[in-house]
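K.L.:
Dropping the sequence and predicted coords here.
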Amino acid sequence: MQISKVILSTSKLLATITICLVPTIVSAKTILILGDSLSAGYGIDEKQGWVNLLQQRLDQQYPKKHKVVNASVSGETTSGGLARLPKLLTTYKPDVVVIELGGNDGLRGQPPQMIQKNLAQLVQLSQKQKATVLLFGMKIPPNYGSAYSNAFENNYKVVSQQYKIKLLPFFLEGVAGRKGLIQNDQIHPNAKAQPIMLNLAYPYIKAVL
């Protein structure tokens, strides 16, 4: 009888230890996309945009688990995003923040140091609210000069390394400059390009869910 009690007590103890050792899986419920025209779906139906396609894919793979909030605005800069982000963080309390900004800063010839500072502050604000941050990098046309282009592109690497966040090096990889994937303005991706952009972004987003 005494031996049976000892065995029973030991079994209960082992069960308790096992439960404690099993990690709690926390799901990233809300994903905030802070971007410019590339994420706002400029020139196409919003439903065709990569952000909406992201929501559809998440709904298919993880029904009712994740909500994507698209806070992207065409023409947005890092300064504009920085002005809007505090309210967005308070309103939506996102678990993941995707920063897709900087392209318009570069096209306007803004100083790389200023762009880097703004990107860093965007990351800081998001991390302060306990959000996981992803950074989507951009490149600008070579006619801006190699020195400026290199400094601009390097901003994303520096910020991602400094704050230990994942970087998608070039969000328009396989899309930029490809006939049939760009609108007549020769800048913005068309509807056919959106699934390509989603496929680039999705592995990074899925990894932090």
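P.N.:
Done, it's in.

K.L.:
Going by residue numbers, what spans are helices in the chain?
P.N.:
Using DSSP state H, the helices found in the chain span residues 2-21, 37-40, 50-61, 78-92, 103-107, 112-128, 146-162, 194-207.

K.L.:
Select, out of the ones you listed, the one closest to Val69.
P.N.:
Closest to Val69 of those is helix 78-92 (C-beta to C-beta; 5.1 Å). Where you see a C-beta, it was placed from the backbone N, CA and C, and this is true even at glycine.

K.L.:
Quick check: buried residues in the closest one?
P.N.:
Across helix 78-92, burial judged by 16 or more other C-beta atoms under 10 Å covers 78-82, 85, 88-89, 92.

K.L.:
circling back: and the helices of the chain: which comes nearest Ser27?
P.N.:
Of all the helices of the chain, it is helix 50-61 that lies closest to Ser27, at 10.9 Å by C-beta to C-beta.

K.L.:
tell me, what residue is most central in the chain?
P.N.:
In the chain, the centroid-proximal residue (C-alpha atoms, centre = their mean) is Val98; its distance is 2.3 Å.

K.L.:
can you pull the contacts of that one?
P.N.:
31-35, 133-134, 136, 201, 205 (C-beta atoms under 8 Å, 6 or more residues apart in numbering).

K.L.:
again, but for Leu135
P.N.:
Leu135 makes contact with 99, 119, 123, 156, 159-160, 165-168 under the criterion C-beta under 8 Å, 6+ apart.

K.L.:
distance of the residue nearest to the centre of the chain from Pro111?
P.N.:
24 Å (C-beta to C-beta, to the nearest Å).

K.L.:
returning to what we had before: which two from the buried residues of helix 78-92 end up farthest apart in space?
P.N.:
Greatest spatial distance among those (C-beta to C-beta): Ser79 and Tyr92, at 20.8 Å.

K.L.:
JSON lines please, covering the buried residues of helix 78-92 and showing pLDDT and distance to Gly145.
P.N.:
What follows is these, written out as JSON lines (pLDDT from 0 to 100; distance: C-beta to C-beta, whole Å):
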{"residue": "Thr78", "pLDDT": "98", "distance to Gly145": "20"}
{"residue": "Ser79", "pLDDT": "98", "distance to Gly145": "23"}
{"residue": "Gly80", "pLDDT": "98", "distance to Gly145": "25"}
{"residue": "Gly81", "pLDDT": "98", "distance to Gly145": "25"}
{"residue": "Leu82", "pLDDT": "98", "distance to Gly145": "26"}
{"residue": "Leu85", "pLDDT": "98", "distance to Gly145": "30"}
{"residue": "Leu88", "pLDDT": "98", "distance to Gly145": "34"}
{"residue": "Leu89", "pLDDT": "98", "distance to Gly145": "36"}
{"residue": "Tyr92", "pLDDT": "98", "distance to Gly145": "39"}
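
K.L.:
that older thread, quick one: the contacts of Val98 as TSV, columns for pLDDT and neighbour count too.
P.N.:
Formatted as TSV, those follow (pLDDT from 0 to 100; neighbours: other C-beta atoms under 10 Å):
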residue	pLDDT	neighbour count
Ile31	98	26
Leu32	98	26
Ile33	98	26
Leu34	99	29
Gly35	98	25
Val133	98	24
Leu134	98	24
Phe136	98	27
Ala201	98	22
Ile205	98	23
